[in-house]
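1. The following comprises the amino acid sequence and a computationally predicted model.
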Protein chains: 2
Amino acid sequence: MPFDKVDELAINTIRTLAVDATAKANSGHPGAPMGMAPVAHVLFNKFMKFNPKNPNWLNRDRFVLSNGHGCMLQYALLHLFGYELSMDDLKNFRQIDSITPGHPEAHDTPGIEVTTGPLGQGFANAVGLAMGQAHTAAVFNKPGYDLVNNYTYCFFGDGCAMEGIASEAASTAGHLQLGNLICIYDDNHISIDGDTKCAFTEDVMKRFEAYGWHTQHVKDGDHDLEGIEAAIAKAKEVKDKPSVIKLTTTIGFGSKLQGTGGVHGNPLKPDDIKHVKSLFGFDPEKTFVVPQEVYDLYHKHAAEGAAAEQEWNKLFEKYGQEYSDLHKDLARRLTRDLPEGWQNKLPTYKPSDPAIASRKLSESVLEAIHDVIPELVSGSADLTGSNNTRWKNAIDFQPPNLGIGEYSGRYVRYGVREHAMAAIMNGLCAYGTIIPAGGTFLNFVSYAAGAVRLSSLSHQRVIYVATHDSIGLGEDGPTHQPIETLAHFRALPNMMVWRPADGNETSAAYYMALTSKTTPSILALTRQNLPQLEGSTIEKAIKGGYVALEDKEADVTLVSTGSEVAICLEAVKTLKEQGLKARVVSLPCVEVFDAQPKEYRLEVIPDGIPSMSVEVMSTLGWEKYSHEQFGLNRFGASGPYKEVYAKFEFTPEGIAKRAKATVDFYKDVKPLRSPINRAFTQLI
Amino acid sequence: MPFDKVDELAINTIRTLAVDATAKANSGHPGAPMGMAPVAHVLFNKFMKFNPKNPNWLNRDRFVLSNGHGCMLQYALLHLFGYELSMDDLKNFRQIDSITPGHPEAHDTPGIEVTTGPLGQGFANAVGLAMGQAHTAAVFNKPGYDLVNNYTYCFFGDGCAMEGIASEAASTAGHLQLGNLICIYDDNHISIDGDTKCAFTEDVMKRFEAYGWHTQHVKDGDHDLEGIEAAIAKAKEVKDKPSVIKLTTTIGFGSKLQGTGGVHGNPLKPDDIKHVKSLFGFDPEKTFVVPQEVYDLYHKHAAEGAAAEQEWNKLFEKYGQEYSDLHKDLARRLTRDLPEGWQNKLPTYKPSDPAIASRKLSESVLEAIHDVIPELVSGSADLTGSNNTRWKNAIDFQPPNLGIGEYSGRYVRYGVREHAMAAIMNGLCAYGTIIPAGGTFLNFVSYAAGAVRLSSLSHQRVIYVATHDSIGLGEDGPTHQPIETLAHFRALPNMMVWRPADGNETSAAYYMALTSKTTPSILALTRQNLPQLEGSTIEKAIKGGYVALEDKEADVTLVSTGSEVAICLEAVKTLKEQGLKARVVSLPCVEVFDAQPKEYRLEVIPDGIPSMSVEVMSTLGWEKYSHEQFGLNRFGASGPYKEVYAKFEFTPEGIAKRAKATVDFYKDVKPLRSPINRAFTQLI
């Protein structure tokens, strides 16, 4: 069907809504929506399959606006197609508590798949969504049951194209031959600093070819709707490569300032708004106008999507008759519930069991549970043998023609691409059928900080397996030894940072990571061996903190995590020789501990005696759980790990010395309150 | 001169030293040194210009080992050429307090230009070093005085090639047409997960061509010394593009496990060591053997380098006669001292001056000082207009043929490449003649965390201009509003995090950032306007913290930073109405405050009254300076900033309410100690 006046009207409606919303908010980015309205119209109305009444339908096409600052484009589309996003929501663009914030947020707004805005993230999320589709299709599709065959579409601009995370993700997608991924590069030559000539003169399409992508160029993205349609249609035919379509557009199309940076991040001036509306045949005096033909056109497409979902539901029901186990599995995955009884597989340990590094303990968990949690997809950023993230009989997630794996494989070789790994995991999780876990050294989770933050903000159940968690990694030295990393991620809202002290605590960390449906986790794990503690159980550890060694007459509480808990237990003996009694608290996850009732927390860190934290990295934040802090507020050292520990006095003697100083220092303070007691509670 | 037996002997000496050192340490990476010994030999002995007796000679060629895990290659070379790195140092590889740590650290080891190991960093540092050369040459070279003409050479492997930071830096280098940069890509097909086929199948050379690089391929990097020599010579001739030479090598060449992942990160087994030594004609029973011919060969080259420096020194002296101002400027820059009296240019403010956003105050500082500090090179990751990092008459650092700047320009358009910007700044600083400052939003400094960490670890005077520092940025919303960021970087050793409250504090932040020769700084700056405080001066603020409002009879101390200080001052009035007296402390930089004498710190945060911190982000770490904390331990909100502040109660009333609760809570505690008083001091 050729394009006609209604198509043009629809495109200009999107444009004027973006103009009006940014003007009303006196804030926001009209340029990208005005420039990308044509391709958005063609894509959404001619290609995309979705049901606005059920934004969670599994087989919907996914859309990601990686240039998230252009979100009025997406909000306008969601409104026009009939998602739960009203005209009032558009009018509340960028206002407090609206569902139309300044950048798209997945958990707040129906129809938003992933949280974007920080540049490059959405592009990498899209790669994850496409991988999610490929994996889910490979696992569940059967002859006659093409249950999962959706595409992932992504818009990105020059900013995303410059970001390293997008380069990493693009290289990954090319390697993985993701034919289900179609990206539109908004080649408008403008970024915030003006003409991209000032910093970005590479040949972007040639670069994507080097990654193994199929590339096309539509030269007039402002008008050539047929060209856009043909290019997307062609991209859909390319099954063995991801596709990128370079679309040359005019930023702020229609504005007096079109084609300039002036229209990127600022609302149009009143006279320019009138100019735009007149140009597009809209009444210059009216705002937020949607012609009925546009609603009609889009609602028709939405109805087709709803019908498609109905068909799909029937197909899925029929599938259940033929493949009842798979049907049950997929239906369960969509609830985000885990299979009943899975937790019985978690390894438990007795104190007599041998000392084992927590990275190995983590491997044992994965080995034990991967069969009962089929949605668990593990991987590593090229540190498989060090992160111990791969169970023995794992099959790699790979394009079948490479002969080294299958799309149904559950182990992802992310390459040395930590940032993309994290963002891809966000996309995998957002797909809805997968729980991703990915490994790197704790120190290099920092490379991925931009995406880790979005795991938290967008409520993704993503598991970061972060091994080599301290100076205990030894010889690799300060470049690899985390000091600030745990403080960083403990300060990040909605993130569980676990630093287990032994086998039971490692199992507890996985228990919480897997059952917390809307919270990501970082598991900080050792390279060096850890003894199994006397007092640890999964049940205790899932409270985030517990008393590992009680002494009702204690002079001091030692509060510790991970590899230092066992040293604290040794320090208790040293202190005893000096006539002091100590109790030991293991606090593997402060965020989970914080969520316990105050009464419990005060049992763990009681009033009346001083407490000292012991963790072999930055002390920042430990004042919340202790009166005094023993840590490492400097960079570490390269050497055998026991010598590094000794150098910094993380020994029973070093701990005892400081614990004694702590006891002495607080002798005269009355009442000596536990740091758990606070004058007021924080707003959350 | 053709290559002969001594060349081969030198190459095999490097290899066996790497084998012996990793074996003795029982730790480390022999594979890369064994594979790259041939190219290292050719590069160092045939091309590189350096004087081992003065590793700081300005016009030396720079060498960066971006695959820093292969550092035994570099340590062996440094030893053999006669740097202050003894055979005992090689034997102490990866031992505590040695100068041969597990990855190269710039400030500890003579001849190491930059700290590498975290993959991709060195490559981006090399781009910075090359930019430093281009800029310094453009500023100082004169006809007949080709003072600065060194090359920057960089080795990198598949790991670096996969990292996004390297992609960003490569795109930047191509844009900048850095003909002085020559990179050798160690194409050995092996990363930690094994064959790179599992994750990395892109066409790397085609990608570099897309960036605008000159590319070559030497197919037999194990033997073809002539080919290597010819390729480097060719690359030196290419003046208008950076060069990359793909060198196909065999990792662990000579080992029984050569060409496999087994030789990447583990010492060779004893029988393999014997095998290697026999193969290379070395006595299999002896370790750490250097034939005298090898020392002789390398010392001869070193002597030529020393002579070249002598020549250069004469040239520089002569230059001083003709261009005395430039001579004086360059000589001064090399001392890292600033021009005398520069600080008199720093803007100061009176309380009656208008309210100004600290990003604008920062711009005023740059405007005021750029003339007197010619080594200051500013820039932004595509947020120039938002970061306010560009002084009015700044000239862009650009290749002249683009017509939009010059290499002598002092403003860098980094593009949307935060991570590469940070690592490039590390390289610019390491070059020795430049103080780099670079802007992005505070939230996106996290994208650069890997490189920011290395600014600290490698003691680089780098300034991060981090604007939009809180929920005060308003409408852009939670994706852009930092919560965890300051806690993250406060936990990073050797980093000054500044959050100035007004104009005088902003000037103080720059004063400290510029005069701290071995410490990087992050300046967290507001988007919103801030009033000029009554009690602020540069002199007070450079102590990191001071009393902004004193009251000797105060019931409570409010400790605050940045935009919240003025709100605290308002809250004092609210409290007064409620019969409570409060004093206010401004603490713009806790790291600098920590360095003050305890007596001073106790004056600022005294014993006897409770204190409450007020900062509109994570409270993590504020317990160190206050009894109670008012902050934001959740994500922010999209909306006009005053409404966002009100939503979270960061208002005089909200502060007063919590201050009152604090006073009540601590009434019964005796003695009430300042949090400055600690039971013991931290090891630093």
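-> Thanks, I have it. Numbers count the residues shown, from 1 in each chain, chains lettered A, B, ... in the order given.

2. Which helix in chain A has the most residues?
-> In chain A, assigned by DSSP state H, the helix with the most residues is helix A:292-322.

3. for that one, packing partners?
-> With contacts defined as 3 or more CB pairs under 8 Å, 6 or more residues apart in numbering or on different chains; DSSP states H and E, helix A:292-322 has these neighbours: helix A:5-25, helix A:71-81, helix A:324-335. Bear in mind the C-beta positions are built from the backbone N, C-alpha and C, glycine included.

4. For chain B, find the nearest of those.
-> Among the helices and strands packed on helix A:292-322, helix A:5-25 comes nearest to chain B, with 6.4 Å by CB to the nearest CB.

5. got the buried residues for that closest one?
-> A:7-25 (16 or more other CB atoms under 10 Å in any protein chain shown).

6. ok, and of those residues, which contact chain B?
-> A:A25 (CB under 8 Å from any CB of the partner chain).

7. same question for the strand or helix carrying A:Q216, mean pLDDT?
-> According to DSSP states H and E, A:Q216 maps onto strand A:214-218. For strand A:214-218, the mean pLDDT works out to 98.

8. what's the distance between the very next helix or strand once past that strand and the middle of its chain?
-> Once strand A:214-218 ends, the next helix or strand along the chain (criterion: DSSP H and E) is helix A:225-237. The chain centre lies 31 Å from the centre of helix A:225-237; the measure is CA atoms, centre = their mean, to the nearest Å.

9. And stretch A:506-514, by the same measure?
-> 18 Å.

10. what's in contact with that stretch?
-> A:338, A:342-343, A:346-348, A:358, A:361-362, A:364-365, A:369, A:373, A:376, A:435, A:461, A:463, A:496, A:498, A:500, A:521, A:523, A:525, A:538, A:540-542, A:588-589, A:592 (CB atoms under 8 Å, 6 or more residues apart in numbering or on different chains).

11. tell me which residues in the helix or strand where A:I273 lies are buried?
-> Per DSSP H and E: A:I273 is located in helix A:270-279. By neighbour count on 16+ other CB under 10 Å, the buried set for helix A:270-279 is A:272-273, A:275-277, A:279.

12. Please put the alpha-carbon coordinates of it into CSV.
-> Extracted C-alpha coordinates of helix A:270-279, given in CSV (Å, rounded to 0.1, in the frame of the first residue of the first chain):
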residue,chain,number,x,y,z
PRO,A,270,7.2,30.4,20.2
ASP,A,271,7.6,31.8,16.7
ASP,A,272,9.3,28.7,15.5
ILE,A,273,6.5,26.6,17.0
LYS,A,274,4.0,28.6,14.9
HIS,A,275,6.3,28.2,11.9
VAL,A,276,6.4,24.5,12.3
LYS,A,277,2.7,24.0,12.7
SER,A,278,1.9,26.2,9.8
LEU,A,279,4.4,24.3,7.7
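
13. and that helix, what other elements does it pack with?
-> When contacts are defined as 3+ CB pairs under 8 Å, 6+ apart, helix A:270-279 sits against helix A:5-25.

14. Give me the packing partners of the helix it packs on, helices and strands only.
-> Partner elements for helix A:5-25 (3+ CB pairs under 8 Å, 6+ apart): helix A:31-42, helix A:71-81, helix A:87-91, helix A:270-279, helix A:292-322.

15. Now render the ones you listed as TSV, adding distance to B:I112 and mean pLDDT.
-> Shown next, in TSV, are the helices and strands packed on helix A:5-25 (distance: least, CB to CB, whole Å; pLDDT from 0 to 100):
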stretch	distance to B:I112	mean pLDDT
helix A:31-42	45	97
helix A:71-81	46	98
helix A:87-91	56	98
helix A:270-279	56	97
helix A:292-322	60	98
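
16. Pick out the residue of chain A closest to chain B.
-> Per CB to the nearest CB, A:G164 is where chain A lies closest to chain B, at 2.2 Å.

17. List the backbone torsions phi and psi for that residue.
-> Dihedral pair for A:G164: phi -60, psi -40, per degrees, to the nearest 10.

18. what's around it, how many residues?
-> For A:G164, the neighbour count with other CB atoms under 10 Å in any protein chain shown is 30.

19. Just give the nearest non-adjacent residue to A:F648, would you?
-> Spatial nearest neighbour of A:F648, excluding adjacent residues (CB to CB, 6 or more residues apart in numbering or on different chains): A:L632 at 5.7 Å.

20. Equivalent analysis for A:D271, please.
-> A:K256 (7.9 Å).

21. now A:F397, nearest residue through space, not along the chain?
-> That would be A:G409: by CB to CB, 6+ apart, it lies 4.2 Å from A:F397.

22. Give the full set of residues in contact with that neighbour.
-> Contacts of A:G409 (CB under 8 Å, 6+ apart): A:135, A:394-398.

23. hmm, which two among the residues you listed are most spread apart?
-> A:H135 and A:A394 (13.3 Å; CB to CB).

24. more neighbours, those two?
-> Taking neighbours as other CB under 10 Å, A:H135 and A:A394 compare with A:H135 leading, 24 against 19.

25. Can you give me the pLDDT of the closest residue to that one other than its chain neighbours?
-> Distances taken as CB to CB, 6+ apart put A:Y407 closest to A:H135, at 5.7 Å, once the chain neighbours are dropped. You'll see A:Y407 listed with a pLDDT of 98.

26. again, but for the one 10 residues further on
-> The predicted structure scores A:R417 at 98 on the pLDDT scale.

27. How about residues contacting stretch A:320-329?
-> A:139-140, A:142, A:145, A:316, A:319, A:331, A:374.

28. then stretch A:535-554 to PDB, C-alphas only?
-> Below are the C-alpha coordinates for stretch A:535-554, written out as PDB (Å, rounded to 0.1, in the frame of the first residue of the first chain):
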ATOM      1  CA  GLY A 535      28.100 -20.700  62.500                       C
ATOM      2  CA  SER A 536      27.000 -20.200  59.000                       C
ATOM      3  CA  THR A 537      23.800 -21.500  57.400                       C
ATOM      4  CA  ILE A 538      21.800 -20.400  54.300                       C
ATOM      5  CA  GLU A 539      18.900 -19.400  56.600                       C
ATOM      6  CA  LYS A 540      21.100 -17.000  58.600                       C
ATOM      7  CA  ALA A 541      22.900 -15.600  55.700                       C
ATOM      8  CA  ILE A 542      19.800 -14.700  53.700                       C
ATOM      9  CA  LYS A 543      19.200 -12.100  56.400                       C
ATOM     10  CA  GLY A 544      22.200 -10.200  55.000                       C
ATOM     11  CA  GLY A 545      24.000 -10.300  58.400                       C
ATOM     12  CA  TYR A 546      24.000 -12.600  61.400                       C
ATOM     13  CA  VAL A 547      26.100 -13.500  64.400                       C
ATOM     14  CA  ALA A 548      28.800 -15.900  63.300                       C
ATOM     15  CA  LEU A 549      30.200 -16.200  66.800                       C
ATOM     16  CA  GLU A 550      28.200 -15.100  69.900                       C
ATOM     17  CA  ASP A 551      29.600 -14.100  73.300                       C
ATOM     18  CA  LYS A 552      27.100 -12.500  75.600                       C
ATOM     19  CA  GLU A 553      29.900 -11.000  77.600                       C
ATOM     20  CA  ALA A 554      31.800  -9.700  74.700                       C
END
